[in-house]
Every structure is written in structure tokens, then in C-alpha cells.
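Trainee: Sequence below, structure please.
(2 chains)
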Protein chains: 2
Amino acid sequence: MALKTRFTELVGIEHPIVQGGMQWVGRAELVAAVANAGGLGFITALTQPTPDKLREEIARCRTLTDKPFGVNLTILPAINPPPYAEYRQAIIDSGVKIVETAGNKPQEHVDEFKKHGIIVVHKCTSVRHGLSAERMGVDAISIHGFECAGHPGEDDVPGLILIPVAADKIKIPMIASGGFGDARGLVAALALGAEGINMGTRFMATKESPIHQAIKEQIVANDERSTDLIFRTMHNTSRVARNAVSQQVVALEKQGAKFEDVRELVAGSRGRNVYEVGDNDAGIWSAGQIQGLIHDIPSCEELISRIVAEAEALITGRLAGFVTKKQMARA
Amino acid sequence: MALKTRFTELVGIEHPIVQGGMQWVGRAELVAAVANAGGLGFITALTQPTPDKLREEIARCRTLTDKPFGVNLTILPAINPPPYAEYRQAIIDSGVKIVETAGNKPQEHVDEFKKHGIIVVHKCTSVRHGLSAERMGVDAISIHGFECAGHPGEDDVPGLILIPVAADKIKIPMIASGGFGDARGLVAALALGAEGINMGTRFMATKESPIHQAIKEQIVANDERSTDLIFRTMHNTSRVARNAVSQQVVALEKQGAKFEDVRELVAGSRGRNVYEVGDNDAGIWSAGQIQGLIHDIPSCEELISRIVAEAEALITGRLAGFVTKKQMARA
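Mentor: Numbers count the residues shown, from 1 in each chain, chains lettered A, B, ... in the order given. The predicted model follows:
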């Protein structure tokens, strides 16, 4: 079984399901498992401490799968930015054919990737940024709604609205991101005008996901209300799993705290620790509202096969059934 | 053409499209137009100044349609509450067969309506309130997502997540509300587990909607970002069209204003005025993010026919096409 769309054709995969860039999570084991299951996974470049380590990670992924996979390069403003051009060169030199870009002002990177014939999927949180990326020459858009883990932007427009508004204006293939985790979401995304879905939190809770088992179990235990929006007052909103640290940050922001005031709290806890330590409250970690629909920890193969099989059944069974009853009555 | 679901069967209508209760807007002309187009419209009880005026409005609606329609009764906490029991009696005495309830603690009203064989659809913004209403004995749930106009609750869970989470737990038929205005949204809602959609803002911008033409045109001009959440700091959030007054309220709330501080600003402008005066900035008025997908002012018949025809085409064309390509290749 398969669902064929403009996006699956563009990137040469079997199923319109993408595991997009996730800091700390997007490593070879997960990416290869997604690829072997017929989806598209992205290694997260900046999870690797140096461009050379990224080259090694890409090579390692190749030993685990012979199917297409990609690399994510996220460009965020920083006082001491990572050597983006060197990471980019590592991607190009490694012969990677698909790149996911995210963040601000990707033009320079898009130009370089396109010069080398690489397919670029740009992730953005608003229609105007999607249109701007389309003009820059990217091949596909990943449109990221309010439900998502990580950065939803500041417009607070959920997928139900964002996807069709974007589909009316953007000509290149578009995948929907934020709030997806099952067949119902995939079919909804396809109905709303997307050609596939990107899942983040859902892939965190898989057997091959390189995070601590206790955090996977926490995702299963959490419901759709178990997230917080932090850094909202700083106009750099991030959706994270609700825990002791996130609640502390939210409380400090309510009292008017600036980034400097919460930097230590967040920096001391963010990232690797919580994945390695496996303590929900050990630090900030990203998770989306889709937690409310995550009830198990399957392999990537089990997850993707289930979503595709159920999506086909939903389209040809439940949905077609609403229509045909009357038509049959008429015949 | 028709789309038959558990909800259309329950209430005896042709299409799974509902025009739910909207203060000032839910009057006989609009409700009858929706009914005549095969949908389900609700007269808003409290738009009428007295229970007797409500009796007259119901009678007037009967002169405009012989199809089923309903009445909305919204119960909100108030220092001087309207005479709810008298409005309820007016609904019962008038022989109305379908009621939409909304607001807190509807048990007493649900009991009375059910005693008289009336079908009750309860609107709520969270799964736990939906389950509670199901236990109270209502016949259907209208689940109201973050995208909506008016009261989204305080959980900020959009339809993409809220609808399937609710569908997994609620047994009675459920319609989806908030963020719906076209065929893509209807098919998405059906895929996510709902049996129909409720539209508010979309019906405001129809020929038969009893609001000022200039406000209808403003809805068409507005995009998906043209809303504000007011009363957020008071835990009584309301999504309204962004205008001079809403921006002033938001700014005052940021400075720590309490309800008393903005009461005059809001009370002096809310409601009738903006509908009768037709000045966007004359006062607060409710509108949802679906504004970004509203581009015309059709009749209710044109709107509902278009949505149903396009929804059928979407199910049997675009969606089925994704599936069958591979199956055909196999045969």
C-alpha cells in the first residue's frame, strides 16, 4: 500500500511522511529507520558538534539504509553562530540529495544547495514566509502550525487554517507540520491541500528514537494540554513539554523576566541532559500538542505502515461512505 | 448531492453543516436560509430582548421555512442573569425540536429539554467538558477549537488535535466548530472524526446574514491574522476581529488592566452597534481565523451547495486519487 503525492514523487519516497529536523533527536538510527519504512528522515546538522562529525553521521546513516534521506540545517540568530557554511559544505560533499532548511534568511544556503542540484524543503510558520521561500527557489514548503513542538512563530495560526490558506497561494508542493501523528491527521492534511505530513513529537516516541525511554513514556503519559509556550514575551515563542522548569519560566515571564533572567535556568537544562538523564523535570524539552494522540512506542516501520494503511481505509471507507450512500440510493 | 452522517440522521437534515448560535446574528432570516439550503441553523435566544420576543422570532422563522431549525441557549455567569428558565419555556412551548446549549452547568436545562423530547447539542471547548455533557444526557457535542470566533476556552487546543482526541473518547455524534468555512475544512473534520461542522464567521458573511454590509466586506478583507484574543488575562478569553478597540483592550491588558478598567470600552461598543453602524472600529465584534479563507458574500444556498459539492469531489477525486494510483499499478 502507498499514498502517492507530488511530494513523494519529488523526493522519491514511498509514503508522504517526513521526520523533520529535531535537535538531539535527528541521528542516523532514527533517520535510517524512517527511510527503511518508506518515509523521509532528516539528520539534524547542528546536533553534531562539528562539520566533520556531521560527515561521519551521514556516512553512518548510509551503512543503515540505502533509501533516500536528508539533512536539516536550521539557521537561527546567535551572537556566536555555528560555522553554517562549513556544515553546508559537509552536506554537499557527502552527496546528500535532500535538505530541510529552517530559520531566518536562508537565501545564501538555498543558492548553494540548488547550485549542487539538491532538493530543498523549507520549513516556515506563515504564508508570507512560505511565499518568500518559494521566490528564493526552494522545491517544497513545510508549513508549521501553532500545534507544533518547538517554534510556532508569533501568529498563532493552527494547521486547519494555515494549510488551506497556504495551499491557495503557494504553487510548489507543501507538507503540513505541527499536530500530526496518526492517519486522521494525514488525511486531514491531504484534504486541506498538503501533499504529506511532517511529524516530530510522534517520531520521538518510537523504538529507534535516540532519546531516553523515560521521556518516551512521558510523551505517552502526557495529554494535549501538557505543553507550555515559553519565550512568548520575548517574541521567540517555543512550545515545550510542560514540566517543573517550563512552569517556572512561564511564571518568571509573567513577572516580566527578560531572557537574561531565565538564561541560566534554560541553558543549564535544555537539550542533551533531559534525553540522557531521562527525567521529565530535569530541563526544558520540546513536545507538541500531538502528545494527546500518542499512546504507544512503536517501531518506525510499525508506525508508518499503520498510518498509511489506516489513511487508505479512512479515504476509501469512512469518507467515501458518507458520499456514496445517497448516490447509491439514487441509482 | 448530499453527505449523510450520524449527525444529519440525528437531526433530520440533508447536509452536515450547522450555523451555530451567534449573538445578534442568529435571527429568523439567516436561520431559515440555512434550513432551506439543507443545513441546520440556530436562532440565538438571548438576541431577543424578552422570552416573548423569542416566541415571535421562532414563529417568524416558521413562516420562512418548513425545514428543521433550532434555538441556541447560552448560559453565562452574570451578576444579573437573564431569565433563563423563561427563555427555555418559550423554546419548549414553541415546539422547537433541536436546541444548542453552551456555557456552564447546563444540567437543569438539559433535563428540561430532554423531558420534552428535544434533541440537545452542547457546545464545549475541551474533551473533559464534552464527556461531562455526554454524561448529562445530551445527544451530540459541538467541539469548539482554538481557531474559533468568540470563546475558545483557556486550553488553546486547535481542531486538528481536539477533534480526534474527543472522537476517541466521546461516543455520541460530534460536530466540529472553529476554523471551518469551506469544503477542505469539512472533509478534514470528517477525517478527524467529526460528523459535521459548525460555521459562525463564514455564515456572518452571507447575503441573508442580518449584519451591516460593511462588516461583511471587512470579513472578506481580513486575513487569518486579523483577530485578537481579549480578556485572556481575565481567564475569559474571547477571539474578536482585530480593530482599534480590540487593540486598545489588548494594550490595556498588557499593562495589567482588570475587567473594570475596560468594561466601559467594551460594553459601550459590543454587540448591536457594530452590526447596525457598520464601522469596523466602532466596537468589539467576534470573528474567527477563518476570515483568511472567506473571499465572497454568497447566499446560504450557494455557500452550502458549494461546500457539499466540493467536499464530495475532494473525497472521490483528490483523496481517492492518492490511493488508487498504486493499486491500479498493481492490477
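Trainee: Could you list everything A:I141 pairs with in the sheet?
Mentor: A:I141 has these beta-bridge partners by DSSP bridges: A:H122, A:M174.
Trainee: A:T233 versus that one, what's the distance?
Mentor: 29 Å (CB to CB, to the nearest Å). Backbone N, C-alpha and C define where each C-beta goes, glycine included.
Trainee: Looking at those two, which one has more neighbours?
Mentor: Shown here are A:I141 and A:T233; by other CB atoms under 10 Å in any protein chain shown, A:I141 has more neighbours (28 against 17).
Trainee: got a list of what that one touches?
Mentor: A:121-124, A:130, A:133-134, A:166, A:170, A:172-175 (CB atoms under 8 Å, 6 or more residues apart in numbering or on different chains).
Trainee: Where does pLDDT dip in chain A?
Mentor: For chain A, applying pLDDT under 70 flags the ranges A:268-271, A:324-331.
Trainee: now the strands for it?
Mentor: A:17-19, A:40-44, A:70-75, A:98-103, A:119-124, A:140-144, A:174-177, A:197-198, A:227-230, A:238-241 (DSSP state E).
Trainee: Out of those strands, which gets nearest to B:D156?
Mentor: strand A:227-230 (8.2 Å; CB to CB).
Trainee: Check which helices and strands that closest one sits against.
Mentor: strand A:238-241, helix A:244-254 (3 or more CB pairs under 8 Å, 6 or more residues apart in numbering or on different chains; DSSP states H and E).
Trainee: for those, which one ends up most surrounded?
Mentor: strand A:238-241 (a mean of 24; mean count of other CB atoms under 10 Å in any protein chain shown).
Trainee: And that one, how far out from the chain middle?
Mentor: How far strand A:238-241 lies from its chain's middle: 13 Å, per CA atoms, centre = their mean, to the nearest Å.
Trainee: export that strand as PDB, just CAs?
Mentor: The C-alpha atoms that make up strand A:238-241 are tabulated as PDB, following Å, rounded to 0.1, in the frame of the first residue of the first chain:
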ATOM      1  CA  SER A 238       8.800  27.900  21.800                       C
ATOM      2  CA  ARG A 239       6.300  25.100  22.600                       C
ATOM      3  CA  VAL A 240       7.800  22.600  25.100                       C
ATOM      4  CA  ALA A 241       6.600  19.800  27.300                       C
END
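Trainee: What helices and strands are in contact with it?
Mentor: So strand A:238-241, by 3+ CB pairs under 8 Å, 6+ apart, packs with strand A:227-230.
Trainee: redo that, cut-off 10 Å
Mentor: helix A:201-204, helix A:213-221, strand A:227-230, helix A:244-254 (3 or more CB pairs under 10 Å, 6 or more residues apart in numbering or on different chains; DSSP states H and E).
Trainee: Contacts for it next, please.
Mentor: A:146-152, A:178, A:201, A:204, A:215, A:218-219, A:222, A:226-232, A:246, A:249-250, A:266, A:270, A:274, A:280-281, A:283-289, A:291 (CB atoms under 10 Å, 6 or more residues apart in numbering or on different chains).
Trainee: filter those residues to the buried ones?
Mentor: Neighbour counting by 16 or more other CB atoms under 10 Å in any protein chain shown classes A:146-152, A:178, A:201, A:204, A:215, A:218-219, A:222, A:226-232, A:246, A:249-250, A:266, A:270, A:274, A:280, A:283-289, A:291 among those as buried.
Trainee: Right, and chain B sits closest to which residue of chain A?
Mentor: Distance from chain B to each residue of chain A (CB to the nearest CB) is smallest for A:P158, at 3.4 Å.
Trainee: okay, now the nearest residue to that residue once chain neighbours are set aside: neighbour count?
Mentor: Take A:P158 and drop its neighbours on the chain: the residue closest to it by CB to CB, 6 or more residues apart in numbering or on different chains is B:P158, 3.4 Å away. A count of nearby residues for B:P158, using other CB under 10 Å, gives 29.
Trainee: next one: A:Q255
Mentor: 7.
Trainee: Check A:G321 too.
Mentor: Each residue near A:G321 was counted by other CB under 10 Å, and the total is 14.
Trainee: contacting residues around A:A251?
Mentor: A:A251 touches A:A257, counting by CB under 10 Å, 6+ apart.
Trainee: Distance of it relative to B:S238?
Mentor: Counting by CB to CB, the gap from A:A251 to B:S238 is 25 Å.
Trainee: just to revisit the earlier point, ok, which of the helices and strands packed on strand A:227-230 comes nearest B:G117?
Mentor: strand A:238-241 (45.7 Å).
Trainee: would you turn the strands of chain A into JSON lines with distance to B:E9?
Mentor: As requested, the strands of chain A are exported to JSON lines (distance: least, CB to CB, whole Å):
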{"stretch": "strand A:17-19", "distance to B:E9": "34"}
{"stretch": "strand A:40-44", "distance to B:E9": "41"}
{"stretch": "strand A:70-75", "distance to B:E9": "47"}
{"stretch": "strand A:98-103", "distance to B:E9": "45"}
{"stretch": "strand A:119-124", "distance to B:E9": "42"}
{"stretch": "strand A:140-144", "distance to B:E9": "36"}
{"stretch": "strand A:174-177", "distance to B:E9": "31"}
{"stretch": "strand A:197-198", "distance to B:E9": "32"}
{"stretch": "strand A:227-230", "distance to B:E9": "37"}
{"stretch": "strand A:238-241", "distance to B:E9": "39"}
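Trainee: so which of those gets nearest B:S305?
Mentor: strand A:174-177 (27.9 Å).
Trainee: one step back: so the residue of chain A closest to chain B makes contact with A:G145?
Mentor: Yes: counting by CB atoms under 10 Å, A:G145 is a contact partner of A:P158 at 4.9 Å.
Trainee: Identify the contacts common to these two.
Mentor: Contacts common to A:P158 and A:G145, judged by CB under 10 Å, 6+ apart, are A:P152, A:G178, A:G179, A:Q289, B:P158, B:L160.
Trainee: so what's the nearest residue to the last one once chain neighbours are set aside up against?
Mentor: The one in question is B:L160. Once flanking residues are discounted, B:L160 sits nearest to A:G179: 4.2 Å by CB to CB, 6+ apart. By CB under 10 Å, 6+ apart, A:G179 lies in contact with A:144-149, A:158-160, A:185, A:188-189, A:197, A:199, A:201-202, A:224, A:288-290, A:292-293, B:157-162, B:164.
Trainee: Those residues of the stretch 201-331 of chain A touching chain B, which are they?
Mentor: A:223-225, A:227, A:229, A:233, A:254, A:288-293, A:295, A:308, A:311-316, A:318-327, A:329-330 (CB under 10 Å from any CB of the partner chain).
Trainee: Could you give me the PyMOL syntax to select whichever of those are buried?
Mentor: Selection command for PyMOL covering only the buried members of those, criterion 16+ other CB under 10 Å:
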select buried, chain A and resi 223+224+225+227+229+233+288+289+290+291+292+293+308+311+312+314+315+316+318+319+320+322+323
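Trainee: what would the helices and strands packed on strand A:238-241 look like in JSON lines with distance to A:K97?
Mentor: JSON lines is the format used below for these (distance: least, CB to CB, whole Å):
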{"stretch": "helix A:201-204", "distance to A:K97": "21"}
{"stretch": "helix A:213-221", "distance to A:K97": "30"}
{"stretch": "strand A:227-230", "distance to A:K97": "34"}
{"stretch": "helix A:244-254", "distance to A:K97": "37"}
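Trainee: B:E29: which of the ones you listed is closest?
Mentor: strand A:227-230 (41.4 Å).
Trainee: my guess is A:M234 contacts A:V266, does it?
Mentor: No: look at A:M234 against A:V266 with CB under 10 Å: they stay out of range, at 11.1 Å.
Trainee: and for those two, which residues touch both?
Mentor: With CB under 10 Å, 6+ apart, A:M234 and A:V266 have common neighbours A:F259.
Trainee: what are the C-alpha coordinates of stretch A:277-294, in PDB please?
Mentor: Extracted as PDB, the C-alpha positions of stretch A:277-294 are listed here (Å, rounded to 0.1, in the frame of the first residue of the first chain):
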ATOM      1  CA  VAL A 277      19.100  11.600  32.100                       C
ATOM      2  CA  GLY A 278      15.500  10.700  31.400                       C
ATOM      3  CA  ASP A 279      14.000  13.000  34.000                       C
ATOM      4  CA  ASN A 280      10.900  14.900  32.700                       C
ATOM      5  CA  ASP A 281      11.700  17.800  35.100                       C
ATOM      6  CA  ALA A 282      15.500  17.800  34.500                       C
ATOM      7  CA  GLY A 283      15.100  20.500  31.900                       C
ATOM      8  CA  ILE A 284      13.200  22.100  29.000                       C
ATOM      9  CA  TRP A 285      12.400  19.700  26.100                       C
ATOM     10  CA  SER A 286      10.300  20.300  23.100                       C
ATOM     11  CA  ALA A 287       7.000  18.400  22.500                       C
ATOM     12  CA  GLY A 288       3.800  19.300  20.700                       C
ATOM     13  CA  GLN A 289       0.100  19.100  21.400                       C
ATOM     14  CA  ILE A 290       0.000  15.800  19.500                       C
ATOM     15  CA  GLN A 291       1.100  14.200  22.800                       C
ATOM     16  CA  GLY A 292      -2.700  13.800  23.300                       C
ATOM     17  CA  LEU A 293      -2.900  11.300  20.500                       C
ATOM     18  CA  ILE A 294       0.300   9.400  21.200                       C
END
